[in-house]
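In: Model the structure of this input:
(2 chains)
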Number of protein chains: 2
Amino acid sequence: MSSINKEMEALGKVRSVIRETFEYGNRRAKEIGRENVFDFSLGNPSVPVPSALDDEIARLAKSGNSVSVHGYTSAQGAEPTRAAIAENINKRFSAGITKDDIYMTCGAAASLTISLKALTNPGDEVIAFAPFFPEYRVFVNAVGAKLVVVPADTKSFQIDFDAFLKLINKKTKAVIINTPNNPTGVVMSEETIKRLCEILKDKSAEYTSPVYLITDEPYRELVYDRADELPYLMNYYDNTLVCYSFSKSLSVPGDRLGYIAVCNKMPDCRDVYAAVCGAGRALGYVCAPSLMQKAVIPLIGKTSDISVYKKNRDLLYGALTEYGYECVYPDGAFYLFVKSPEPDANAFCEKAKKYDILLVASDSFGCEGYVRIAYCVTTEMIERSLPAFKKLIESYK
Amino acid sequence: MSSINKEMEALGKVRSVIRETFEYGNRRAKEIGRENVFDFSLGNPSVPVPSALDDEIARLAKSGNSVSVHGYTSAQGAEPTRAAIAENINKRFSAGITKDDIYMTCGAAASLTISLKALTNPGDEVIAFAPFFPEYRVFVNAVGAKLVVVPADTKSFQIDFDAFLKLINKKTKAVIINTPNNPTGVVMSEETIKRLCEILKDKSAEYTSPVYLITDEPYRELVYDRADELPYLMNYYDNTLVCYSFSKSLSVPGDRLGYIAVCNKMPDCRDVYAAVCGAGRALGYVCAPSLMQKAVIPLIGKTSDISVYKKNRDLLYGALTEYGYECVYPDGAFYLFVKSPEPDANAFCEKAKKYDILLVASDSFGCEGYVRIAYCVTTEMIERSLPAFKKLIESYK
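Out: Numbering: from 1, shown residues only, chains lettered A, B, ... in the order given. Now for the predicted structure:
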């Protein structure tokens, strides 16, 4: 007797730790009041959508041109949207790309699955650097490739190059990076990027086959200290695919809009772009949501008011460090990565729950002994939580 | 030297006949004027979106609750949307389903790819009946299964059961039907459905493993003569997954919204539903577009003004039959399937081009010798095209 796909069934049944923590928080809020639960579990944008975006959505909906507004765009995406994105990238990073190098997607997860399906054949290997977004494993497995994890560099949360050099091999089809990083908030330094790209160039030559760089950038716009210095990967390595999403920068994660930018300096760039189109088609994407594709045009290069996240970071990093927590300094995203004061981060999370602080243990990110604090919450909640954080660390002294 | 995924590259490079015909039409319109080109190539809704939907989109966008409106829904979809859909299905078809049997998707293509990924393991077979939507082959191949095609029953365009019985076997994991059908517009009769479901029951028992029925229903609401009689498949066969889309019924194909309904009478219903959730996750879908999920709630069970399509059908079917074309009578969708007056339908399409009539040959639908006429166009264009259709058939006499 044959069966349905058991791997998919298992994926659908497993409860994510993040989601379980969030639901525990909702139950607890009913018991003791929402204001007394300090839920730092979810990486959900908390600042309002720019009103210009909502204005544009309403304007398009009422434009009297509904068949076009809601109609199919080409599979690659609406031409004016792709043109606006390419222009903005070139203005900011001088990357020399065109609208024909951009493929619009249903968000970052779609950008990644489509890129992986386009680049890999079953049995190929894909390298990620711990700590990493756990869905990478799901996406890589789903296309029949194998995820190879480079252990975390827990000194600086950059890259452990010795470990990387031991793992990269002829079967490595692609390397995924994520900067600013989920779960650490760390921004990859230009020095790290240069060294990584040198290795990728050397290995591509040695293997006489490109090792592609997939750069997962949903947090690109969320950088607080050195936003101008955040390197654009295409300017360092030709075999680069940028996977972008508007979810975090415009606070629209549910509306599913992002893109893939294929560096046009890679030798087989038109073939790779065609494979991206083919993979989008094969995975059932048809086109990215049409109304949203059109509505974001005036917002390209703009963001929600991310000053709230910076304020939250400064407040939380400052206080927790002062109390004695060992925190990784985050330049971007909206996560703080904190060393567990006991070896087992899950035990620490359970203890934190007693103070009604909800955290996520780092195990599922491929790096044990830390917790992720998502500070995309109100500044007031952080302020209210500080005495509890203080008591929590004091309980270890 | 390894390479990128050549299958995806080829998929991305192949130009669809439909798209090429459409682009030829645009070029020709520049030469002789848009009003003189009779383009029947694209299956794109042409009637306006219900204004109530655009009103609701604008209202939500300006509601001041942007973080929630544009935020993630659960992976299964927003609960009020799923509840409204289940209620409507039960009211119309007494199918006894609940919100927990509904999984919201990014449209019909996503519904199909997710269902296929959930149900099949590599090497499984999936049966479709010619003529069929050509992307079925792409979706089935992409999950590693094999599409098995039952040749067309060209007498009634129902099902050739003798051929079907020769092809169904232990490796058959699912059967896809599409009623009303693209490209014929034919609605499957209740008699056909009963016989099909009897066979599926018998074979599931014989193989001691369910043969699932995937019913692809983007055209369910577009039925002109016997809308009340259109059977709901769950009421005939327990192992049914309904793949629905709002694209055609509400004229919003670009906005990518649909759902999968898993019949809760199938023995392993919670496992199948979990596999659907897992497959959506593995293919990178995260959730269906949030704003649209919320905006359609007041529109569930309503449609755009489809009376235009009925008028077009009556006009075109009546005139073409009178001129001597052999037409398959379409009860629904917005397609007319016409027998080519010469054996090679591609040659006929080339000849039609000389009269500036743009049609799609049936070959890509898995059934040679016919053309598809998409009558989701203005009634005026059909009226203007009739003399050309008359001259075209007369050239064969």
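
In: make it CA atoms for all contacts and neighbour counts henceforth
Out: OK.

In: Which residue ranges of the stretch 251-397 of chain A form helices?
Out: Assigned helices in the stretch 251-397 of chain A, in chain order: A:269-282, A:290-295, A:307-323, A:345-354, A:379-394 (criterion: DSSP state H, counting those that start in this stretch).

In: how about the ones you listed in CSV, adding mean pLDDT and mean neighbour count?
Out: Below are the helices of the stretch 251-397 of chain A laid out as CSV (pLDDT from 0 to 100; neighbours: other C-alpha atoms under 10 Å in any protein chain shown):
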stretch, mean pLDDT, mean neighbour count
helix A:269-282, 96, 25
helix A:290-295, 97, 23
helix A:307-323, 97, 18
helix A:345-354, 96, 18
helix A:379-394, 97, 16
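
In: could I get those helices as TSV with distance to chain B?
Out: Putting these into TSV (distance: least, C-alpha to the nearest C-alpha, whole Å) gives the following:
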stretch	distance to chain B
helix A:269-282	4
helix A:290-295	5
helix A:307-323	14
helix A:345-354	24
helix A:379-394	16
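
In: Of all the ones you listed, which one is nearest A:Ala83?
Out: helix A:290-295 (11.7 Å; C-alpha to C-alpha).

In: got the buried residues for the worst-scoring helix or strand of chain A on mean pLDDT?
Out: Ranked by mean pLDDT, DSSP states H and E, the weakest helix or strand in chain A is helix A:17-32, scoring a mean of 87. Buried positions in helix A:17-32, judged by neighbour count with 16 or more other C-alpha atoms under 10 Å in any protein chain shown: A:Ile18, A:Thr21, A:Phe22, A:Gly25, A:Arg28, A:Ala29.

In: Just name the closest of the residues you listed to A:Glu87, please.
Out: A:Ile18 (37.2 Å).

In: So that closest one sits against A:Asp39, correct?
Out: No - using C-alpha atoms under 8 Å, A:Ile18 makes no contact with A:Asp39, being 10.6 Å away.

In: sorry, back to before: contacts made by the least confident helix or strand of chain A with the rest, please.
Out: A:Arg34, A:Glu35, A:Asn36, A:Val37, A:Asp39, A:Ser41, A:Leu42, A:Leu358, A:Leu359, A:Val360 (C-alpha atoms under 8 Å, 6 or more residues apart in numbering or on different chains).

In: before we move on, what about stretch A:131-151?
Out: Outside of stretch A:131-151, the residues within contact range by C-alpha under 8 Å, 6+ apart are A:112-113, A:116-117, A:120-130, A:152, A:160, A:163-164, A:167, A:178, A:181-184, A:362, A:364-367, B:281-284.

In: how far does that stretch sit from the chain's center?
Out: Taking C-alpha atoms, centre = their mean, to the nearest Å, one finds the center of stretch A:131-151 at 14 Å from the center of the full chain.

In: just stretch A:377-392 next, same as before
Out: 26 Å.

In: Kindly format the C-alpha coordinates of that stretch as CSV.
Out: What follows is stretch A:377-392, C-alpha atoms only, in CSV (Å, rounded to 0.1, in the frame of the first residue of the first chain):
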residue,chain,number,x,y,z
VAL,A,377,7.2,45.1,20.1
THR,A,378,6.2,48.3,21.8
THR,A,379,8.8,50.3,23.6
GLU,A,380,6.4,50.3,26.6
MET,A,381,6.4,46.6,26.8
ILE,A,382,10.2,46.5,26.9
GLU,A,383,10.2,49.1,29.7
ARG,A,384,7.7,47.0,31.7
SER,A,385,9.7,43.9,31.1
LEU,A,386,13.0,45.2,32.4
PRO,A,387,12.5,44.5,36.1
ALA,A,388,11.6,40.9,35.2
PHE,A,389,14.7,40.5,33.1
LYS,A,390,16.7,41.8,36.1
LYS,A,391,15.2,39.3,38.5
LEU,A,392,15.7,36.5,36.0
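
In: so where is the stretch 201-350 of chain A shaky, pLDDT-wise?
Out: Residues of the stretch 201-350 of chain A meeting the criterion pLDDT under 70: A:227-228.

In: for chain B, what are the nearby residues on it?
Out: Contacts of the stretch 201-350 of chain A with chain B, taken as C-alpha under 8 Å from any C-alpha of the partner chain, map to A:207-209, A:251-256, A:271-279, A:281-291.

In: go on, the stretch 51-200 of chain A?
Out: Counting by C-alpha under 8 Å from any C-alpha, the stretch 51-200 of chain A sits next to chain B at A:54-55, A:57-59, A:61-62, A:66-67, A:70-73, A:106, A:109-110, A:112-113, A:117-121, A:138-139, A:142.

In: Quick check: closest non-adjacent residue to the residue most central in space within chain A.
Out: For chain A, the residue whose C-alpha lies nearest the mean C-alpha position (C-alpha atoms, centre = their mean) is A:Pro218; its distance is 4.6 Å. Distances taken as C-alpha to C-alpha, 6 or more residues apart in numbering or on different chains put A:Ser245 closest to A:Pro218, at 4.9 Å, once the chain neighbours are dropped.

In: For burial, what's the neighbour tally of that neighbour?
Out: 28 (other C-alpha atoms under 10 Å in any protein chain shown).

In: circling back: adding distance to B:Tyr309, write the helices of the stretch 251-397 of chain A out as a markdown table.
Out: Below are those laid out as a markdown table (distance: least, C-alpha to C-alpha, whole Å):
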| stretch | distance to B:Tyr309 |
| --- | --- |
| helix A:269-282 | 28 |
| helix A:290-295 | 24 |
| helix A:307-323 | 52 |
| helix A:345-354 | 60 |
| helix A:379-394 | 55 |
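
In: Go through those helices and name the closest to B:Lys99.
Out: helix A:290-295 (26.7 Å).

In: Identify all contacting residues around that closest one.
Out: In contact with helix A:290-295 (C-alpha under 8 Å, 6+ apart) are residues A:53, A:56-57, A:60, A:69-73, A:77-78, A:80-81, A:255, A:257, B:254-256.

In: Got the domain ranges for chain A?
Out: A:6-49+A:304-394, A:71-299 (automatic domain parsing).

In: how about CSV for those, with distance to B:Asn264 added?
Out: CSV is the format used below for these (distance: least, C-alpha to C-alpha, whole Å):
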stretch, distance to B:Asn264
domain A:6-49+A:304-394, 16
domain A:71-299, 25
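
In: All good on my end, thank you.
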